[in-house]
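**Student:** Just a sequence and a predicted model for now, questions to come.
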Amino acid sequence: MPLRLWLLLLPALVGCARSAGRSAAGRPAVSALPVYQQIISPFPLFDSAGKALELAFLGGFNAPRPQLVDADGDGDLDLFLQEVTGKVALFERESLARAERGSAAEAVPEFRFSTSHYAGLDVGEWYRFADVDQDGDLDLLAEQPYSYIKYYRNDGASGAHKFVLVADTLKDTEGRPIFSDRQNIPQLGDLDCNGRSDLLIGRLDGTVARYEAEPSNGGSAPAFRLVAAEFEGIKIVGQQGTTPGQMNPGAFTPGPSMHGANTMALSDHDRDGDLDLFWGDFFEPGLLLLENTGSCPQPNLRGNPVQFPSGNPILTSGYNAPTFGESEGASQGELVLGVLGGAFNPLRTSAENLYYLRRTPRGWTLLSRRLLPMLDIGSESTPAVVDLDQDGDLDLLLANKLDPADLKTSRLYFMENTGSPTRPEFVLRRPLSLPPRYHYAPAFGDLDGDRVPDLILGHWGAQLAWFRGTQNSFEAVDTAFVTITRGSNTVPALGDLDGDGDLDLMVGESSGWLNYYRNTGTGQRPQFTLVGDEYGGMKVGRRSAPLLLDIDRDGDLDLVVGSELDGLVLFRNVGTRSAPRFERATVPMPEVPALATPAAGDLDGDGDLDLVVGNVGGGVLYLERR
């Protein structure tokens, strides 16, 4: 078979050509199931401006909660970041010499991925590193489900932290558990310079409670004395700085009488010797500053909140999670801001959601809205792997839920492989020209026998469209080619399930069932006939996303199904190539984020099929078969 045709059929047939693994009696031979390893930078990928995305396959972010901490004791600040409940990831800072772009004052630091689950710690819904016991190293506070505070003491040395769980619930001096709503991120610091940690907890009514640690005995958890239930009279309710419609930094209007979860930071941003308070909030289109007009021994935070930076405030969708630090060289302050998606059109910041600001001679300057250079096209991405331009190597396509640049439609982005079948190199090109729909879900295969890939496109609704591929574009054949019997969020997969030489159709949808349509037409005129809308009794919770591939190399097609919450589920074909019968496998599949959508292809040309997985974060994971 010519290489071009093989690459064209690969995403649909994915392994059926490997039939040598069958026994003499015609039964599938027993094969070991593969082991996959996530690789963040398997090969070069460049954005449309030619910038290399060094962390391309990190998977994207929707709700990054950052903190700058020296994790390895080398004197610079690394980046901790929480995206999912229970885990905090670590990115180690590279040297300034490597990170420098332009002048040092406006350099954007580079971070190297270290781990997605730092020290195996379970941090619940939030985390905060701080010197709780005032012994000179960083301890850890985290959420104890639900809405309490657990305390990990650091018993390690500098650069070799060792966190020991001392208390699963911090208590006040009266012995009562301290409540911190799990949607809030508390903050610690020594506000009055007395050598004791102050604990600030934001409440949903817009107030802040202040506790102060009492000395502990024998390394036990400190008890916290309630200093003020409504510290400094702070009460922030609703939007403070701009009107939602205008988003005008010069306007100031009272906000609505409502409040969302908040996160805080303490920083002496103006270097006057006392700590100021920064406030991020679901209903705030930016970061608020409550300036300390007192002193370190006698703080005063009773002034009105103002948007930060003064004169040129950051405008976002809301709920801004700040962390401050001193950048390399210790001469410039820096701020990393996680934009979590709040009240003001969060989809527009679903890709640009990790801001980096630095104090420069001109004041605080926004230098990047995407601090970590990765592929992120918004949220709820769905990938496909196919030789779209028919040049003999595999390209990568990625669709989103709604495009941040045009909230009226999804986009299907094309990443052209400008390298080779064994040394791929991808460049982000313009999206494919397709009719406006929400939540594209693509599947490619040659449906009409012209050796050019056609497109079956699912979307938010119950229908799937057929677009015939030409040399330069896709032409609509039937925008309602298949309509599933119930449900929505159609996600198609193509493969020859009955062994008759043409492509059949499997469709996932919102309820989690799988719909099987057999191609009762021909290889030139497809016609899909429903076999079952609860096919094989296979269900994976909600939002099923099927992939057909011969994962065990026994000559027939197996099923890997992504889902909303259950990750990837493998159904192994224990039938035959022409009469499939699927059983749920008990072997673990790679751990992936929510709303996983798998695709497969031999992207690195080593002879086996690797997985690429879209997810809620809007990027893609690369799982190499080992």
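**Tutor:** Yep, that arrived. Because the structure is predicted, anything quoted here is derived from the model rather than measured.
**Student:** Now do the end-to-end distance for stretch 361-378.
**Tutor:** Criterion C-alpha to C-alpha, to the nearest Å; first-to-last residue distance in stretch 361-378 is 33 Å.
**Student:** nope, stretch 552-563 is what I meant
**Tutor:** 21 Å.
**Student:** Over to stretch 526-542?
**Tutor:** Stretch 526-542: ends 29 Å apart by C-alpha to C-alpha.
**Student:** Can you point out the buried residues in it?
**Tutor:** For stretch 526-542, burial by neighbour count (16 or more other C-beta atoms under 10 Å) applies to 526, 528, 530-531, 533, 535-536, 538-540, 542. Where you see a C-beta, it was placed from the backbone N, CA and C, and this is true even at glycine.
**Student:** same thing with stretch 600-614?
**Tutor:** By 16+ other C-beta under 10 Å, the buried positions in stretch 600-614 come out as 600-604, 609-614.
**Student:** What is the lowest-pLDDT residue among the residues you listed?
**Tutor:** Among those, Asp604 carries the lowest pLDDT, at 91.
**Student:** and Glu212, how many neighbours?
**Tutor:** Number of residues near Glu212 (other C-beta atoms under 10 Å) recorded here: 19.
**Student:** Make 771 the first number, not 1, from now on.
**Tutor:** Will do, 771 is the new start, and the previous item becomes Glu982.
**Student:** how near is it to Phe994?
**Tutor:** Applying C-beta to C-beta, to the nearest Å, the value for Glu982 to Phe994 is 7 Å.
**Student:** Quick check: neighbours shared by the two?
**Tutor:** Leu969 (C-beta atoms under 8 Å, 6 or more residues apart in numbering).
**Student:** thinking Asn1170 is in contact with Ser1180, fair?
**Tutor:** Yes: counting by C-beta atoms under 8 Å, Asn1170 touches Ser1180, with 5.6 Å between them.
**Student:** Show me which of those two is the more surrounded one.
**Tutor:** Taking neighbours as other C-beta under 10 Å, Asn1170 and Ser1180 compare with Asn1170 leading, 29 against 26.
**Student:** any idea how far Tyr1208 is from the more buried one?
**Tutor:** Distance, Asn1170 to Tyr1208, using C-beta to C-beta: 10 Å.
**Student:** what touches both of those two?
**Tutor:** Joint contacts of Asn1170 and Tyr1208 (C-beta under 8 Å, 6+ apart) are Ser1180.
**Student:** remind me which residues of this structure are low pLDDT?
**Tutor:** Applying pLDDT under 70 to the chain flags the ranges 771-802, 865-876, 1008-1031, 1097-1101.
**Student:** Now do the longest strand seen in it: which elements does it pack against?
**Tutor:** Using DSSP state E, we find that the single longest strand of the chain is strand 1244-1253. Packing partners of strand 1244-1253 (3 or more C-beta pairs under 8 Å, 6 or more residues apart in numbering; DSSP states H and E): strand 1224-1228, strand 1233-1239.
**Student:** before we move on, back to that, between the buried residues of stretch 1296-1312, which sits nearest Asp901?
**Tutor:** Closest approach between the buried residues of stretch 1296-1312 and Asp901, by C-beta to C-beta: Arg1312, at 43.0 Å.
**Student:** Where does that closest one fall, secondary structure wise?
**Tutor:** Following DSSP states H and E, there is no helix or strand that holds Arg1312.
**Student:** Make sure it is actually in contact with Ala1364.
**Tutor:** No: Arg1312 is not in contact with Ala1364 according to C-beta under 8 Å; the separation is 10.3 Å.
**Student:** any common contacting residues for the two?
**Tutor:** In contact with both Arg1312 and Ala1364: 1334-1335, using C-beta under 8 Å, 6+ apart.
**Student:** before we move on, the earlier item: which of the buried residues of stretch 1296-1312 fall in helices?
**Tutor:** Within the buried residues of stretch 1296-1312, no residue falls in helices by DSSP state H.
**Student:** shared neighbours, Asn1170 and Ser1180?
**Tutor:** Common neighbours of Asn1170 and Ser1180, using C-beta under 8 Å, 6+ apart, are Tyr1210.
**Student:** Got phi/psi on Ala1263?
**Tutor:** Ala1263 adopts backbone torsions of phi -140, psi 140, taken as degrees, to the nearest 10.
**Student:** Contact partners for it?
**Tutor:** 1213, 1275-1278, 1316-1318.
**Student:** Please tell me how far it sits from Gly1389.
**Tutor:** Noted for Ala1263: a distance of 21 Å to Gly1389, by C-beta to C-beta.
**Student:** just Ala841 next, same as before
**Tutor:** According to C-beta to C-beta, Ala841 stands 23 Å off from Gly1389.
**Student:** Which one's more surrounded, these two?
**Tutor:** Applying other C-beta under 10 Å to Ala841 and Gly1389 shows that Gly1389 carries more neighbours, namely 29 against 22.
**Student:** Which residue, neighbours along the chain excluded, lies closest to Asp1218?
**Tutor:** Gln1294 (5.5 Å; C-beta to C-beta, 6 or more residues apart in numbering).
**Student:** any idea whether the one you found is helix, strand or coil?
**Tutor:** When classified by DSSP: H, G, I helix; E, B strand; the rest coil, Gln1294 comes out as coil.
**Student:** Wait, it touches Arg1221, no?
**Tutor:** No: contact criterion C-beta under 8 Å: Gln1294 and Arg1221 do not qualify, at 11.6 Å.
**Student:** quick one: contacts for Leu1166?
**Tutor:** Neighbours of Leu1166 in contact, by C-beta under 8 Å, 6+ apart: 1153-1155, 1185, 1187, 1196, 1373, 1382, 1390.
**Student:** Between its first and last residues, how far does stretch 1174-1185 reach?
**Tutor:** With C-alpha to C-alpha, one end of stretch 1174-1185 sits 18 Å from the other.
**Student:** Can you list the buried residues in it?
**Tutor:** For stretch 1174-1185, burial by neighbour count (16+ other C-beta under 10 Å) applies to 1174, 1179-1185.
**Student:** who touches it?
**Tutor:** The set of residues external to stretch 1174-1185 that reach it, using C-beta under 8 Å, 6+ apart, is 815, 1115, 1117-1122, 1147-1148, 1158, 1165-1173, 1196-1202, 1204, 1206-1210, 1212, 1227, 1229.
**Student:** buried residues in the longest strand of the chain?
**Tutor:** In strand 1244-1253, the ones that count as buried by 16+ other C-beta under 10 Å are 1244, 1251-1252.
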